[in-house]
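Predicted model, plus sequence, below.
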Amino acid sequence: MVDLEKVERATRLLLEGIGEDPARIGLVETPRRVACMWQELVAGMDKKAEEIIKVIPVEQYDEIILLRDIPFVSVCEHHMVPFIGRVHVAYLPQEGKVTGLSKLARVVEMEARKLQVQERMTTAIAEDVMRTLDARGVMVVVEAEHLCMTIRGTQKPGTITVTSVVRGLFRENQATRAEALALMTGGRRPPG
């Protein structure tokens, strides 16, 4: 739960710390705006995948189900600036247990809306899908540009970080893994 008053106070202090005047006309509303922004950016902190993913029983579907190019914005815990990209999620249902396609995109959104590192987000998405659907396998690939590398430090805009998590049959069966990766890349050059 975001304490809006504390974030507003912290924002005023930050403005003073960088030599700005929080009472300046252009900054008067900034502490409130920043507090509301943080409330949006970390809205996934208090949510659980079980609240989102619901099993829909279907008859004998046991092939790959994949959503690719799910856009997201998250915030890196190291510098508190965004990283922006897309997520690809594939799973192999267990005995016909599937979920609505929008639920996978909502899990990505929930996990992205936290202060974190990309590696943790990738793992969390995979674990959410594996656990809630009792899936036979899950593969998640995240591609993102980190603004901490774009606007500060090395200042290398366009650099993409790729992380992946592979569970179950996607880890055990190389042909299944290759098929999922080919579907994720959609004929594009594989990430990395």
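Happy to help now that I have it.

Pick out the residue closest to the middle of the protein.
Nearest to the geometric centre of the chain sits Ala112, at 3.1 Å (Cα atoms, centre = their mean).

Model confidence for it, exactly?
What the model reports for Ala112 is a pLDDT of 98.

Was I right to think it contacts Gly44?
Yes. Look at Ala112 against Gly44 with Cβ atoms under 8 Å: they come within range, at 6.7 Å. From N, CA and C alone the C-beta is placed, and that goes for glycine too.

CA atoms only for stretch 110-118 - export them in CSV, please.
Extracted in CSV, the C-alpha atoms of stretch 110-118 (Å, rounded to 0.1, in the frame of the first residue of the first chain):
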residue,chain,number,x,y,z
MET,A,110,0.8,-7.4,-12.1
GLU,A,111,4.4,-8.6,-11.9
ALA,A,112,5.7,-5.6,-13.8
ARG,A,113,4.1,-3.2,-11.4
LYS,A,114,6.7,-3.7,-8.7
LEU,A,115,10.0,-2.2,-7.7
GLN,A,116,12.4,-5.0,-8.9
VAL,A,117,15.0,-6.3,-11.3
GLN,A,118,14.2,-7.9,-14.6
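
list the buried ones in that stretch?
Within stretch 110-118, the residues that count as buried by 16 or more other Cβ atoms under 10 Å are Met110, Glu111, Ala112, Arg113, Lys114, Gln116, Val117, Gln118.

quick one: which two of those residues are the most distant?
Largest separation among these by Cβ to Cβ: Met110 and Val117, giving 16.5 Å.

List the neighbouring strands of the helix or strand bottoming out on mean pLDDT in the chain plus their orientation.
Every helix and strand of the chain was ranked by mean pLDDT, DSSP states H and E. The lowest is strand 56-57, at a mean of 83. Strand 56-57 has these partner strands in its sheet, going by DSSP bridges: strand 97-98 (antiparallel).

Point out the other helices and strands that the helix or strand just after the strand it pairs with packs with.
Using DSSP states H and E, the helix or strand that follows strand 97-98 towards the C-terminus is helix 101-112. Applying 3 or more Cβ pairs under 8 Å, 6 or more residues apart in numbering; DSSP states H and E, one finds that helix 101-112 contacts strand 65-76, strand 82-92, helix 118-133.

and the closest residue to Gly100 other than its chain neighbours, how many residues sit next to it?
Distance criterion Cβ to Cβ, 6 or more residues apart in numbering; nearest residue to Gly100, sequence neighbours excluded, is Ile56 at 6.4 Å. Ile56 has 13 neighbours, counted by other Cβ atoms under 10 Å.

what do you get for Arg120?
Residues lying near Arg120 (other Cβ under 10 Å) number 14.

Return the per-residue confidence for it.
98.

what separates it from Glu40, distance-wise?
Relative to Glu40, Arg120 is positioned 20 Å away (Cβ to Cβ, to the nearest Å).
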